[in-house]
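Participant: have a look; sequence and predicted model below, questions after that.
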Amino acid sequence: MEYLIHIGIILGIYSILIASAQLVIGHARLITLGQGAFFGAGAYFMALSMIHLKLPFAAALLLAVVGNSLIGLLLALPAVKLKGDFFVLTTLGFQFIIFQLTYNLKGVTGGSTGLGNIPFIKLPGIWPGNESSYLLLLTVVLTVLVFLLLHRLQKSTFGRNLRAMVDHEILYKASGRSEIKIKAQVIAISAGTTAAASALFAVYMNFLDPQAFNLDKSILILTGVMLGGLTRLRHALIGALTITLIPEVLRLAGLPAAEGASIRQILFGLVLVVLVFYAALKRHNQGERDMK
């Protein structure tokens with residue numbers, strides 16, 4: 001049972017991460033390699049506010065959301081003025097900066113040894129289960145709330161303006177509306193919702209290691225978006241299921257202990273390459289059918 005709870009929590013975390021990244025990558029059409037950095041920043045905001053400020057989970061989560069949104073805005077304002085590869089390189093540089101900060105600020109983040117002793121959520125007295133089952137319930141609630149928020153956002157005036165900016169960029173600029181402003185808002189919102197996944201991860205793991213938020217994490221999130229779909233929220237669940245369950249299936253395959261981890265990484269990479277290629281081919285064929 002504990003194993004299934006673990007899978008459920010990890011699935012919820014990745015669902016939030018991929019849905020948040022989908023807003024930037026799919027709706028704003030901005031390829032980013034910095035989502036892992038937002039994930040890490042939110043986790044450290046959460047952990048430090050609970051350890052040093054003694055904030056409860058809800059208050060620490062709010063602080064993480066606000067902090068991440070401000071960081072996203074600071075990154076976005078100069079970055080969205082750039083196009084294509086230059087924007088990607090800017091987010092890549094941001095990813096390296098956040099990683100180096102968490103790795104080298106030993107007095108704050110614990111550095112390479114990590115940050116531990118993160119308090120768990122205070123359980124309600126009437127809760128019949130254990131800590132992990134309560135966190136699973138909280139994960140489901142936060143995942144649903146984030147998905148509802150993103151869905152409402154996409155259906156709102158803001159979402160319609162975003163689609164207009166992407167589909168008719170010249171007309172959008174001619175109407176006097178700011179392309180930079182709406183793209184900056186998208187990145188800030190994505191960073192803020194990512195903090196919900198960060199909060200769950202920090203509390204569940206009870207320990208933060210900078211290596212958990214490196215470039216590999218950003219690439220994994222980007223892969224999840226590509227596997228699931230760029231714009232439909234329910235497809236974010238498909239991407240989350242894929243990147244959550246494939247490593248578990250490979251782990252249960254009973255590979256030799258000495259080489260198991262390396263073999264699993266290689267097989268995981270091969271499976272992702274095949275799946276991404278298949279998803280891209282399917283999307284290309286669908287586009288050709290739509291044009292006919």
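Facilitator: On my side now, so go ahead.
Participant: strands of the chain, residue ranges please.
Facilitator: Using DSSP state E, the strands of the chain run over 115-116, 207-208.
Participant: list the neighbouring strands of the first one plus their orientation.
Facilitator: Under the criterion DSSP bridges, strand 115-116 sits next to strand 207-208 (antiparallel) in its sheet.
Participant: where in this protein is pLDDT low?
Facilitator: For the chain, the stretches flagged by pLDDT under 70 are 254-265, 267-268, 271-272, 275-276, 278-280, 282-292.
Participant: go ahead and confirm Glu248 touches Ile7.
Facilitator: Yes: assessed by Cβ atoms under 8 Å, Glu248 is found in contact with Ile7 at 6.7 Å. To be clear about C-beta, it is placed using only N, CA and C from the backbone, and glycine gets the same treatment.
Participant: for Ala199, give its distance to Phe96.
Facilitator: 24 Å (Cβ to Cβ, to the nearest Å).
Participant: also Thr231?
Facilitator: According to Cβ to Cβ, Thr231 stands 29 Å off from Phe96.
Participant: now do the contacts for Ile182.
Facilitator: Counting by Cβ atoms under 8 Å, 6 or more residues apart in numbering, Ile182 touches Ala28, Phe158, Asn161, Leu162, Met165.
Participant: and the last one, what does it touch?
Facilitator: Applying Cβ under 8 Å, 6+ apart to Met165 gives the contacts Ala28, Tyr172, Arg177, Glu179, Ile182, Lys183.
Participant: do you know how far the first one is from Phe87?
Facilitator: For Ala28, the distance to Phe87 under the criterion Cβ to Cβ works out to 10 Å.
Participant: so Gln22 is in contact with Leu233, correct?
Facilitator: Yes: applying Cβ under 8 Å as the test, Gln22 and Leu233 come out as touching, 7.2 Å apart.
Participant: need the helices for the stretch 151-292 of the chain, in chain order.
Facilitator: 157-167, 169-174, 179-205, 215-228, 233-252, 257-291 (DSSP state H, counting those that start in this stretch).
Participant: and of the strands of the chain, who's closest to Ala58?
Facilitator: strand 207-208 (19.7 Å; Cβ to Cβ).
Participant: now do that closest one: everything it contacts.
Facilitator: Gly40, Ala43, Tyr44, Ala47, Thr109, Gly110, Gly114, Leu115, Gly116, Ile118, Ala202.
Participant: need those in JSON lines with distance to Leu222 and neighbour count, can you?
Facilitator: Formatted as JSON lines, the contacts of strand 207-208 follow (distance: Cβ to Cβ, whole Å; neighbours: other Cβ atoms under 10 Å):
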{"residue": "Gly40", "distance to Leu222": "15", "neighbour count": "29"}
{"residue": "Ala43", "distance to Leu222": "19", "neighbour count": "29"}
{"residue": "Tyr44", "distance to Leu222": "22", "neighbour count": "24"}
{"residue": "Ala47", "distance to Leu222": "25", "neighbour count": "28"}
{"residue": "Thr109", "distance to Leu222": "24", "neighbour count": "22"}
{"residue": "Gly110", "distance to Leu222": "27", "neighbour count": "20"}
{"residue": "Gly114", "distance to Leu222": "25", "neighbour count": "15"}
{"residue": "Leu115", "distance to Leu222": "26", "neighbour count": "22"}
{"residue": "Gly116", "distance to Leu222": "29", "neighbour count": "13"}
{"residue": "Ile118", "distance to Leu222": "27", "neighbour count": "19"}
{"residue": "Ala202", "distance to Leu222": "22", "neighbour count": "29"}
